[in-house]
Structure formats: structure tokens, C-alpha cells
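Peer 1: my questions concern the predicted model and sequence given below.
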Amino acid sequence: MLKLSLVSYRYAGTNRLALRDINLELADGEVVGVVGANEAGKTTLCLVASGLAPRSIGGTLGGSVLIDGHATADLQMHELAALVGICFQNPYTQLSQVADTVFEEVAFGAMNLGLDRAEVIRRVNEALAAIGIAELGERDPRRLSGGQMQLVAVAGLLAMRPRHLVLDEPVAQLDPEGRALVADALRRLAAAGTGLLIAEHDTDLLVGLCSRVVVIDNGSIAEVGSADEVLVDPRLEKWGVEPPARVRLARAVAAAGMTAELP
Amino acid sequence: MSDIVCTDLRYDYPGGVRALDRISLTIGQGERVAIVGQNGSGKTTLIRHFNGLLRPTEGAVTVDRWDTRFKPVAALAALVGLAFQDPDKQIFAGSVEAEVSFGPRNLGRRGSELESAVASALAAVGLSGERRTNPYDLGYSRRKLLSIASVLAMNTPVVVLDEPTTGQDARGVRTIEKIVARIAAEGRTVVCVSHDMRFVAESFERVVVMGGARVILDAAPQEVFAQRNWDLLGSTNLGPPYSARAGHELGLGATPTEASLIRALRSGTSA
């Protein structure tokens, strides 16, 4: 379980609290979506929930972030890495820069967990196949398209099978089919017990993937509830969040004074 | 007129990956064109030919009748502004203002002309209040808007944006839609690569669909997102926007945009 209690966070060298009074629990196997406007604090929440803030990037953390009972502030990077994975917003940032093939890149995290070679190879093949990029195995990861790089970043995390996984807009650069494959893979990971925290603008991705959704507004939690409730909340647009396509269209139809049985 | 003409364009990356295969495409001055296709289908590689960042392995690309093989990138930059997919590969200056000034300054703008280009570009993306901010103190979504402002400030006849709505919230997407509309209203060309089919259907008059390094469909959204093309779209990992699917299910014909679906509902007939 990942548990944030009264968490506040301030980036190094700034006075502004980027997060304030965040209380959030992520149970094993649970999938929680995080939505909110640009710069509302979604990325900061991802960095804090994964322990990278403050461990790796400094700053001031208030309250506590516990992962399986361990305070992230007390853990070393290698201890954190064994408990929680993070998928960065910019996939280029995720690349190890030491692997010359996609296969080695995807294997990098799993190898560092000390797994035996045969197990790593099995997991890498499985991860590549799950999101439809088996044919990229021999390619240079630094020479992929933005979307392909994002898929490689996700595959590397799948191969690690982390106990908890934090994802910052994991499908932003993917084509619709790639989005569907990643969603399926994440669903399977959760079914196997991984807790997932997913910051995402694409609310259509969150429908049917998340059980709960958290709305972040100006560094605080503005709303939290079941995905079914939050994703149709009329305040979403005020919070800078695009509602799912079906919700949006239903509203446009109603605003035009008509009714339709939308699929 | 700054037409972009690709003739039998082929491009192989070092190592032999064929990214573009026999692309013949003309984008006329003032057109609003979206380029879509599965990840790795060659979209970014194609648009990097429009300002000479890449040169054809075979075939040719001309901009305003200039063959890009023989024209320096600096000269092409005055014709075609290109905002990268990854803003962090574009941004280099220490302040928002310096970042946005760089392009127009290199095109020779000075004084009030430079200032007005910078001010209007920053206003367009909503960053007027951040002139002195270090770009890396902005979040990803605003760095992306900054990279777009840097291109807008150059006031080029052709503007090319690589996945501009990536990472944007609802307001950011509206901002990009307005920018596209304004560039078009000024008679300038705007080309966007995008995976956001709603944005594509709502903001563009022409959609170029890429698959396996080739153009597999090139038509208006009404045609591209019509049900008869869904299988073809599926072959390059795409699907129609929700309005198109809903319109089809409701027996309303091809309704790629929300407005067209509502019109069709109102008239109760096929669009």
C-alpha cells in the first residue's frame, strides 16, 4: 500500500507549496487516476508518490509518504526502486542511455533488480509483446519516434513488475491502438496486485481503467471519488479537465436542446 | 506562394530503417493540414523535411519552389517554422522572453517589430506574465506552449506543429485550436501532426493519413472519418473520433465533428 498523509511539498529554491494537505491511499491492485489543469500539481504528486521528491530532486516534504510502511524520505534510491516504479512524462528522460537495443533497454530495470537472466528475457519478451512492439527489439532506443519511445518506457516498467507504479501521462504520445494496448497491460498488472497511480489528461483512457479518480486543483485535492462519479462531474471543465468524449458530446447535444441515445 | 511539394520522397535513417517511401504530396499556401498515423509511421520524419532539417534520400522537397537540398536551413527557417514534439529538445534560453526572441531576432527583426512579435506570440499561448521565468521552471505543458510561441513569433508563411496538444489540459487544447484558426485566418499554412482525432476533425480541412512510411489516405475529415474508411484507419492504429462513431451508430452518416453531429441530429437526416 502507498499512503500519503497530509503531504505538502515545495520545490528547492521556491517559496510556493506545489502540493498542500494531500491525503491519498493506493491499495495493492488498485488503479487511481489523477486529473487536473496544467501545472495543478499532477507531476509533482507523481514525483512525491514515487519518492523521487525529495530523495532525488531535493525540496521540502511535509507530512509522510509511506510505501508498504516505509517512509520514502528514509529510503535510498535502490530501496525505492524495488518498491515503486515511475514512468516519466517525457519518455526521453526515461531512457537509460546505456542500452543499444530496445531489448536491452527494456531489460535494464529488471536486470538491476537482480533477477536471473532467463527470467529477465522471459519478462522482456512478454512486455514487448503485450504492447505490440516485439518487432522493435533490435532497434536503437535513441532513434525511435516519440511514441515508440514512450512504449519502450512502459515496457521497461512492465518487465520490472513493480509493487507500485506511478505513471505521468503514460500515453500522451501514443496512437489510439497503442493507448488501448497500454491500458490492457496496466489492467493486467493491477490484476496481479500492483497499485497504479496514473496522472492523465486523456479521461477516455481512465474510463474502465480506474476505480477512483482524484482531481488536483492548485496543489490540493479538489475532489476524489469513484471514476463513474468524478468523470461526469460538471465541475471538470472548471478544473481544466476535458471530460470523456461521450460525456462531452452528451452535454453538447443537451445544450442544443436535443436528446440522443449515444453509444 | 509558399507551397510545399514532396515528389517521390524517400528517406532512410542511418542503419537502413526506411521512414518514408515514395511520398508525393503538395500542401498549398493557406491550407490547414493534419498528419496522422500510427507511432513510427513517419509523421515527424516527413515534417522535418519541410524546413530542411532532413534532406531526402531520394526524391525532392521544394518549399516556395526552393529545393531543400540546396537551400540552407537558416533560409528555410524564414519560410517554415517548426515546433518540435519534445519541447526540451528545442528550448535552450535562460528566460521565456529570450527563448521567444531568438527566432525573430535571427530573421533580422529589431526594436518595436521584435517586441510586438514576442508580445503577440506570448499572448497567444498565455505566457505574457512569464517573460522573466526560466523555461525549466515551467511545467511540461507550458514548456510545450513556449516552444510553440517561439515558432509563432517568427511569423512564417508556414507553421508546422508536432503533436501540439500533447500534455495539454482542456484550456491548453482550446488555446492550440485558436492558434490554428488564427494562422489559417491570416492565410498562412498550418500543418499539425497529431494523435488527437477530435482535434484533427475539429480544426483541420485536410487529413493526411500515414501508414508504413507511406500516405494511405489524403482527404477532408468528412471523408477520412467516414465509416467506409475505419478499417483503413485501423490498419495504422487509428480510429474515428467519438462524434463520427456516434453519428454512424445513430444512422446520421459521416459526422466527424460535434457540430456536424448536432446539425445532423437537428435535421434528422444524413449529413
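Peer 2: Happy to help now that I have it.

Peer 1: the stretch 151-263 of chain A: helices as residue ranges?
Peer 2: A:176-191, A:203-206, A:227-230, A:245-255 (DSSP state H, counting those that start in this stretch).

Peer 1: ah, wrong one, I meant the stretch 151-271 of chain B
Peer 2: Remark: helices assigned in the stretch 151-271 of chain B by DSSP H, counting those that start in this stretch are B:170-185, B:197-203, B:221-224, B:230-235, B:242-249, B:258-267.

Peer 1: any idea whether the nearest residue to residue A:52 once chain neighbours are set aside is helix, strand or coil?
Peer 2: Excluding the flanking residues, the one nearest residue A:52 by CB to CB, 6 or more residues apart in numbering or on different chains is residue A:86, at 6.4 Å. (Each C-beta comes from the backbone N, C-alpha and C, glycine too.) Following DSSP: H, G, I helix; E, B strand; the rest coil, the label given to residue A:86 is strand.

Peer 1: tell me the bridge partners for residue A:86.
Peer 2: Judged by DSSP bridges, the bridge partners of residue A:86 are residue A:166.

Peer 1: for chain B, see how far away it is.
Peer 2: 14 Å (CB to the nearest CB, to the nearest Å).

Peer 1: hang on, the earlier thing: got the helices of the stretch 151-271 of chain B as JSON lines, with mean pLDDT, distance to chain A and mean neighbour count columns?
Peer 2: JSON lines is the format used below for the helices of the stretch 151-271 of chain B (pLDDT from 0 to 100; distance: least, CB to the nearest CB, whole Å; neighbours: other CB atoms under 10 Å in any protein chain shown):
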{"stretch": "helix B:170-185", "mean pLDDT": "97", "distance to chain A": "4", "mean neighbour count": "18"}
{"stretch": "helix B:197-203", "mean pLDDT": "97", "distance to chain A": "7", "mean neighbour count": "23"}
{"stretch": "helix B:221-224", "mean pLDDT": "97", "distance to chain A": "14", "mean neighbour count": "21"}
{"stretch": "helix B:230-235", "mean pLDDT": "97", "distance to chain A": "8", "mean neighbour count": "15"}
{"stretch": "helix B:242-249", "mean pLDDT": "96", "distance to chain A": "3", "mean neighbour count": "23"}
{"stretch": "helix B:258-267", "mean pLDDT": "93", "distance to chain A": "5", "mean neighbour count": "18"}
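
Peer 1: give me every residue in the stretch 51-200 of chain B lying close to chain A.
Peer 2: Residues of the stretch 51-200 of chain B lying close to chain A by CB under 8 Å from any CB of the partner chain are B:85-86, B:88-89, B:137-142, B:163, B:166-173, B:195, B:197-198.

Peer 1: just the pLDDT for the residue most central in space within chain A.
Peer 2: In chain A, the residue lying closest to the centroid (CA atoms, centre = their mean) is residue A:167, at 1.4 Å. Here the pLDDT value assigned to residue A:167 is 98.

Peer 1: contacts only, for it.
Peer 2: With contact set as CB atoms under 8 Å, 6 or more residues apart in numbering or on different chains, residue A:167 has these partners: A:46, A:86-87, A:154, A:157, A:186, A:196-200.

Peer 1: again, 10 Å this time
Peer 2: Contact analysis of residue A:167 by CB atoms under 10 Å, 6 or more residues apart in numbering or on different chains lists A:33-34, A:46, A:50, A:85-89, A:153-154, A:157, A:182, A:186, A:196-200.

Peer 1: what's the local residue count around the residue nearest to residue A:52?
Peer 2: By other CB atoms under 10 Å in any protein chain shown, the residues close to residue A:86 number 21.

Peer 1: could I get the helices of the stretch 151-271 of chain B as JSON lines with distance to residue B:103?
Peer 2: JSON lines is the format used below for these (distance: least, CB to CB, whole Å):
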{"stretch": "helix B:170-185", "distance to residue B:103": "15"}
{"stretch": "helix B:197-203", "distance to residue B:103": "23"}
{"stretch": "helix B:221-224", "distance to residue B:103": "31"}
{"stretch": "helix B:230-235", "distance to residue B:103": "35"}
{"stretch": "helix B:242-249", "distance to residue B:103": "36"}
{"stretch": "helix B:258-267", "distance to residue B:103": "35"}
